[in-house]
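# A predicted structure for the sequence below; I have some questions about it.
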Protein chains: 2
Amino acid sequence: MNKVPAKAIVADEDNGVDFGPLPQMLGYQIRQAQTAVFRDFAAIMSELETSPGEFGLLTLIGNNPGISQVRLAAIYRLDKSTLSLTVSGLVKRGLVRRTRSKVDQRYYGLWLSNSGRATLRKVRERVDAQERAMDAVLRPGEREHLLDMLQRIAGAFSD
Amino acid sequence: MNKVPAKAIVADEDNGVDFGPLPQMLGYQIRQAQTAVFRDFAAIMSELETSPGEFGLLTLIGNNPGISQVRLAAIYRLDKSTLSLTVSGLVKRGLVRRTRSKVDQRYYGLWLSNSGRATLRKVRERVDAQERAMDAVLRPGEREHLLDMLQRIAGAFSD
DNA sequence: TATTGTTATACTCTATAACTATA
DNA sequence: TATAGTTATAGAGTATAACAATA
């Protein structure tokens, strides 16, 4: 039994399936693209054990040292309880430090540890490679246009 | 300067927060757009109790009457166990009928019930409204270009 | 009273593995 | 042996509500 390339199998299996209006729907195609990128992300991160969400949080903490959890939750669009759990995981893995604010002891300040910075650098390399993989199917100028349109769409539904 | 770019609004709301390289990353912006659309979908579906995934499945079943579960799982990129659970839910809600194939009794054929067709029509109205909301932030021709780019990106990772 | 953060709990979506029934 | 489908189980990721500590 000859092995057929995976892509050909998919195309072959899709043969004769009617997707109806789905391919023309932005909601559907955005979701398809997102799950494809997400799956690939998980695969390339198998060694570093970092999720897309954690990558985003590490980046934000790195760029905003001392940021509080409520602030981070607000800009990342997560409930503070969800953020608390995720940050606790990062703290347990030694990537993030949490320090009580001196001026208002209700606040934590979040900071990357040296280990967190090192991990972020390695994750960043793989993320950049993934971005280049996307550039490979885009023509010059298309990335900027795509980013702009996606931002407009997210903005259309924000609150 | 007739209109304020979306980015300026975001920057204003998130006053003082440095997003670093995230806004220039396709992975990040696709995810942001997807979660925004998903959240809105859940909100407008509160009455009809239908998820984006269920909408996609109902559409595919409606356009491919008698399709089997493995086939549906393959084209929708879900494990057959996941699909089994989701379809069971649709069957329990009376939206989908499952009939054993006469020629090969291992197979089920999936069909929309009358109730399923009616529900799909109502869901479709709301989904179409959501699509028009996205069109409101896009210029002529941009939808087609965006769909094309998203398809290319999903294709870049589908092996 | 209001705000920051934690914890208990639960829900959704997903996959892996073991299973049954059929081929 | 191979395939279609189910079930048991588990793991992300997320939210709500009740709570403690601080202001």
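Sure thing, it's come through. Note that the coordinates shown come from a computational prediction; the quantities given were computed from them, not determined experimentally.

# Which of the residues in stretch A:141-154 are classified as buried?
Neighbour-count burial for stretch A:141-154 flags A:Glu142, A:Arg143, A:Leu146, A:Leu147, A:Met149, A:Leu150, A:Gln151, A:Arg152, A:Ile153, A:Ala154 (criterion: 16 or more other CB atoms under 10 Å in any protein chain shown). For glycine as for every other residue, the C-beta is placed from the backbone atoms N, C-alpha and C.

# which residues are in contact with it?
A:26, A:30, A:134-135, A:138, B:6-7, B:10, B:23-24, B:26, B:29-30, B:32-33, B:36-37, B:134, B:137-138, B:142, B:145-146, B:149 (CB atoms under 8 Å, 6 or more residues apart in numbering or on different chains).

# Same question for stretch A:88-108.
A:54, A:57-58, A:61, A:68-69, A:87, A:109-113, A:115-116, A:119-120.

# list the contacts for the nearest residue to A:Arg126 once chain neighbours are set aside?
With sequence-adjacent residues excluded and distances taken as CB to CB, 6 or more residues apart in numbering or on different chains, A:Arg126 is closest to A:Ile44, at 4.9 Å. Neighbour list for A:Ile44: A:Arg126, A:Ala129, A:Gln130 [criterion: CB under 8 Å, 6+ apart].

# Restricted to helices, list the buried residues of stretch A:141-154.
A:Glu142, A:Arg143, A:Leu146, A:Leu147, A:Met149, A:Leu150, A:Gln151, A:Arg152, A:Ile153, A:Ala154 (DSSP state H).

# name the helices or strands packed onto the longest helix along chain A?
When chain A is parsed with DSSP H, its longest helix is helix A:114-135. Helices and strands touching helix A:114-135, by 3 or more CB pairs under 8 Å, 6 or more residues apart in numbering or on different chains; DSSP states H and E, are helix A:26-44, helix A:52-63, helix B:26-44, helix B:142-157.

# how far out from the middle of the chain is the last one?
Distance of helix B:142-157 from the chain centroid (CA atoms, centre = their mean, to the nearest Å) equals 15 Å.

# Output that helix as PDB, restricted to C-alpha atoms.
Provided in PDB are the C-alpha atoms of helix B:142-157 (Å, rounded to 0.1, in the frame of the first residue of the first chain):
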ATOM      1  CA  GLU B 142     -10.900  43.900   1.200                       C
ATOM      2  CA  ARG B 143     -13.100  41.000   2.300                       C
ATOM      3  CA  GLU B 144     -12.100  38.900  -0.600                       C
ATOM      4  CA  HIS B 145      -8.400  39.700  -0.100                       C
ATOM      5  CA  LEU B 146      -8.600  38.900   3.600                       C
ATOM      6  CA  LEU B 147     -10.400  35.600   3.000                       C
ATOM      7  CA  ASP B 148      -7.700  34.700   0.400                       C
ATOM      8  CA  MET B 149      -4.800  35.500   2.800                       C
ATOM      9  CA  LEU B 150      -6.400  33.600   5.700                       C
ATOM     10  CA  GLN B 151      -6.800  30.600   3.500                       C
ATOM     11  CA  ARG B 152      -3.200  30.700   2.400                       C
ATOM     12  CA  ILE B 153      -2.100  30.900   6.000                       C
ATOM     13  CA  ALA B 154      -4.200  28.000   7.100                       C
ATOM     14  CA  GLY B 155      -2.900  26.100   4.100                       C
ATOM     15  CA  ALA B 156       0.700  26.900   5.100                       C
ATOM     16  CA  PHE B 157       0.300  24.800   8.200                       C
END
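
# Could you give the separation of the longest helix of chain A from the chain centroid?
Mean C-alpha position of helix A:114-135 versus that of the full chain (CA atoms, centre = their mean) differs by 11 Å.

# same check, this time on stretch A:109-124
The chain centroid and the centroid of stretch A:109-124 are separated by 16 Å under CA atoms, centre = their mean.
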